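# any chance you could fold what I've pasted below:
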Amino acid sequence: MAPDHPWHPTAGTEPAVHTLDRREGPYGEVVLRRRDPGAAGPHAPEPAGPVYEIIANGCFLMDTSDGRSERRLVDAALAALPPDRAHPAVLIGGLGVGFSLVRAAGQPRWGRIAVVEREAAVIDWHRTGPLSAISGPALADPRTEVLHTDLVAHLREGTAQLAYDALCLDIDNGPDWTVTEDNGGLYSPAGLAACRDRLTPGGVLAVWSAQPSSAFERALGNAGFEGVRTEEIPVARGVPDVVHLALRSA
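Numbers count the residues shown, from 1 in each chain. Next comes the predicted model:
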């Protein structure tokens with residue numbers, strides 16, 4: 001689906017950290033910022049080049065300084081699938097700064113690659129804005145489809161014909177720290193049941209989080225998933241990022 005309106009960067013002078021675009025949407029405010037080399041940031045204190053940041057409702061969500069955990073989200077899901085499953089379909093939610101999509105598009109084993117993103121601004125930034133330098137080739141991949149919709153609604157309203165072999169989900173800071181209240185529904189019993197129902201037998205649920213959560217591991221088991229485990233990805237400062245993994249029974 002095409003974005004709601006074209007890319008229009010905010011005019012003005014350019015300090016070390018400056019705003020490129022600011023939008024008000026149905027879920028609040030989203031901002032794209034660029035951090036120039038030498039400007040302090042939450043993950044890479046001395047970036048080698050410009051770093052782009054996405055801020056939602058005043059809270060830092062993600063930036064382009066690293067991306068290891070976002071790529072691991074896709075790698076771990078693919079590795080957990082049965083090796084004889086050809087051309088598996090993956091759903092990535094959301095688009096973010098594009099690292100997960102780029103990783104999936106770079107792996108020829110994937111078949112259909114669907115990306116769900118509810119913020120029109122984020123889609124704009126990738127299609128015609130600064131983030132196109134990261135995701136442009138992946139968006140042009142014929143396997144890729146961008147769906148401008150809410151992830152939780154997409155999962156709950158889907159049908160058996162829209163099943164996926166893997167769900168790689170990164171729409172907030174994790175089950176214990178949501179920036180947007182509505183995102184909490186993904187980690188609820190009903191949200192996890194919707195994830196399970198959208199997976200093919202033996203399919204993989206991979207959920208990114210900014211910190212480990214033993215409570216979420218228990219919730220995955222209570223929702224009927226098998227093989228629940230957590231992978232940790234070290235970051236420059238603080239607790240590691242993690243990928244929670246779980247399987248739908250075969």
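# in the protein, where is pLDDT below threshold?
For the chain, residues meeting the criterion pLDDT under 70 lie at 1-15, 38-48, 159-161, 178-181.
# who does the lengthiest strand in the chain touch, helix- and strand-wise?
Longest strand in the chain, counting residues (DSSP state E): strand 199-209. Under the contact criterion of 3 or more CB pairs under 8 Å, 6 or more residues apart in numbering; DSSP states H and E, strand 199-209 touches helix 68-80, strand 164-169, helix 214-222, strand 241-247. Backbone N, C-alpha and C define where each C-beta goes, glycine included.
# tell me what angle the last one forms with strand 164-169.
The directions of strand 241-247 and strand 164-169 differ by 150 degrees, with axes from the mean of the first three to the mean of the last three CA atoms, to 10 degrees as the criterion.
# just the longest one next, same as before
The directions of helix 68-80 and strand 164-169 differ by 160 degrees, with the same axes, to 10 degrees as the criterion.
# G174: how many residues sit nearby?
Applying other CB atoms under 10 Å, we find 21 residues neighbouring G174.
# got it, and D182?
17.
# still on that earlier bit, buried ones in the longest strand of the chain?
Within strand 199-209, the residues scored as buried using 16 or more other CB atoms under 10 Å are L199, T200, G202, G203, V204, L205, A206, V207, W208, S209.
# centre-most residue in the protein?
Central residue of the chain (CA atoms, centre = their mean): D170, 3.3 Å from the mean position.
# same list (the buried residues of strand 199-209) but as TSV, adding distance to T230.
Formatted as TSV, those follow (distance: CB to CB, whole Å):
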residue	distance to T230
L199	19
T200	23
G202	20
G203	18
V204	14
L205	12
A206	11
V207	10
W208	11
S209	9
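# quick check, nearest of those to D141?
A206 (20.1 Å; CB to CB).
# would you map the helices across the protein?
For the chain, applying DSSP state H gives helices covering 68-80, 99-105, 120-127, 132-140, 151-157, 189-198, 214-222.
# just want the angle from the last one to helix 189-198.
Read that as helix 214-222. 50 degrees.
# list the contacts of helix 214-222.
Outside helix 214-222, the residues that touch it by CB atoms under 8 Å, 6 or more residues apart in numbering are 174-176, 187, 189, 192, 205, 207, 209, 228, 230, 244, 246.
# which of these sit farthest apart?
P189 and T230 (19.3 Å).
# so those two - more neighbours on which side?
Ranked by neighbour count (other CB under 10 Å), P189 and T230 place T230 first, with 18 against 10.
# measure that one to C168 for me?
The gap separating T230 from C168 is 15 Å, by CB to CB, to the nearest Å.
# ok, now L101?
9 Å.
# give me the common contacts of those two.
Residues touching both L101 and C168 comprise I92, with contact defined as CB under 8 Å, 6+ apart.
# give the contact list for the closest residue to S249 other than its chain neighbours.
Excluding the flanking residues, the one nearest S249 by CB to CB, 6 or more residues apart in numbering is E226, at 5.4 Å. Going by CB under 8 Å, 6+ apart, E226 touches A246, L247, R248, S249.
# do that again at 10 Å, thanks
The contact partners of E226, by CB atoms under 10 Å, 6 or more residues apart in numbering, come to G202, L220, A246, L247, R248, S249, A250.
# out of the residues you listed, who's nearest G49?
The nearest member of those to G49, counting by CB to CB, is A246 at 36.5 Å.
# I'd like the distance between the closest one and R218.
According to CB to CB, A246 and R218 sit 11 Å apart.
# what about those two, which has more around it?
Per other CB under 10 Å, whichever of A246 and R218 has more neighbours is A246, with 28 against 11.
# quickly list what the more buried one is bridged to.
Bridge pairing for A246 (DSSP bridges) gives the partners L205.
# wait, it touches V207, no?
Yes. Counting by CB atoms under 10 Å, A246 touches V207, with 8.1 Å between them.
# re the thing from before, for the residue nearest to the centre of the chain, which non-adjacent residue is spatially closest?
Using CB to CB, 6+ apart, the closest residue to D170 is W208 (3.7 Å).
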